[in-house]
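Q: can you look at this prediction? I've put the sequence above it.
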Amino acid sequence: MIKRTLLKDTEETSVVVEAQVKILEAQVESLEAQVKNLEKQDAIMEKPVDCSNANRFLTRFRNHFVSVDLIRIGGEGDGGYLVPDILDGISHCFSPGVSDTSDFEDHLSKKYGIKSFMADASVDCAPISDPNFSFSKKFLGNRDEDDFITLSSWVDTSLKGDERELILQMDIEGGEYDVLTFESDETLKRFSVMAIEFHDLGQMGDEHFFQMFSSIFEKIYKNFTVCHVHPNNCCGIFSSGEWEFPRVTEVTFVRNDYVEKLRNGSKLSLPHHLDRKNVEAYEDISMPERWWKC
């Protein structure tokens, strides 16, 4: 009887492992397809970056980058972010673009008791069940209609009061530009921390894209300071002469009223010891020094 039970447990474990392997293989295939698509796009759309534009943007980025003590929230790979160690004062997280990963929100729930509002119209529910999770089958965008909802509407309908100690973790595959262009400074200021993944930086040579990208950062700088930047190794680095832009880049911002008490006086140095590769199977990449080294 014991042997049969052990055999059955072994077979069940084997089935689970095989299923997980198949899922990982499918994810790798999907990422490879995305990279090939990006390479095709770059071949068509790639334009030289205007040197004065690139220099101005990166100078402003460095001037708004401060060294603070960071912690890692989420898993060891994709879905994990470095944020300032102020989460004990955070009440809620807003996390659009859930897909099949909720390591970040799970960590917030288990360690800090933070409730996460999650949204993604591409899936039917949160990847895991947790009483601190609230899921909406919506895409985040610049309008309130059909499958889309704005960040301001989402926050207002989710919270009863005017809470301003929130965290935003946003990875919405390029939709961040619509959101950040549309939303007011007042809405963004409700977040103490914003961890945002920026996509399509291979288009930095396009004047219209550059102006939009630069304007969004200038808007954010009014109330936030960069406290970490990390290149996602999924899609490589777009190079134009001496200028380098990781095609997908994660940036963590902290609201300006926290900066002085968080500033640790250390010299900026990347990569951070808590940084991890987003895609384990791919070669790692480093953040170009022009983004952070004075």
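A: Yep, that arrived. Note that this is a predicted model, so its numbers are computed, not measured. Numbers count the residues shown, from 1 in each chain.
Q: for S134, see how far away Q203 is.
A: 34 Å (CB to CB, to the nearest Å). C-beta coordinates here come from the backbone N, C-alpha and C atoms, glycine included.
Q: tell me which of these two has more neighbours.
A: Q203 (21 against 14; other CB atoms under 10 Å).
Q: how close does the more buried one sit to V49?
A: Distance from Q203 to V49, by CB to CB: 10 Å.
Q: what touches both of those two?
A: F210 (CB atoms under 8 Å, 6 or more residues apart in numbering).
Q: what about the spatially closest residue to I196 that is not a sequence neighbour, how many residues nearby?
A: Using CB to CB, 6 or more residues apart in numbering and skipping residues adjacent in sequence, the residue nearest I196 is M170, 4.8 Å away. Other residues near M170 come to 20 when the count uses other CB under 10 Å.
Q: leaving out sequence neighbours, find the closest residue to D147.
A: Nearest to D147 is A121, by CB to CB, 6+ apart, at 4.3 Å.
Q: which ones are touching the one you found?
A: With CB under 8 Å, 6+ apart, A121 has these contacts: K137, K138, F139, D147, F148.
Q: help me confirm that the third one comes into contact with E145.
A: No: between F139 and E145 there is no contact under CB atoms under 8 Å: 10.8 Å.
Q: before we move on, back to that, for the residue nearest to I196, phi and psi?
A: phi -130, psi 120 (degrees, to the nearest 10).
Q: what about the helices in the chain?
A: Applying DSSP state H to the chain gives helices spanning 2-45, 51-63, 103-107, 151-158, 176-182, 185-188, 207-221, 256-262.
Q: how many residues are close by Y221?
A: 16.
Q: just the pLDDT for the spatially closest residue to it that is not a sequence neighbour.
A: Excluding the flanking residues, the one nearest Y221 by CB to CB, 6+ apart is H64, at 5.1 Å. What the model reports for H64 is a pLDDT of 98.
Q: ok, how many other residues are close to H64?
A: 18.
Q: same question for V179.
A: 23.
Q: OK, contacts around it?
A: V179 neighbours (CB under 8 Å, 6+ apart): P96, L140, G141, N142, T150, L151, M170, I172.
Q: so how far is N63 from the third one?
A: This points to G141. Distance, G141 to N63, using CB to CB: 31 Å.
Q: higher neighbour count, these two?
A: G141 (20 against 12).
Q: just list whatever residues bridge to that one.
A: Counting by DSSP bridges, G141 forms beta bridges with T150.
Q: next: I73.
A: Beta-bridge partners, per DSSP bridges, of I73: Y81.
Q: surely it and K110 touch.
A: No: the criterion here is CB under 8 Å, and I73 misses it with K110 at 10.8 Å.
Q: more crowded one of those two?
A: Each of I73 and K110 has its neighbours counted (other CB under 10 Å); I73 has more, 26 against 11.
Q: now do the contacts for the more buried one.
A: I73 neighbours (CB under 8 Å, 6+ apart): G80, Y81, L82, V83, L87, F104, H107, L108.
Q: how does it look with 6 Å?
A: Y81, V83, F104, H107 (CB atoms under 6 Å, 6 or more residues apart in numbering).
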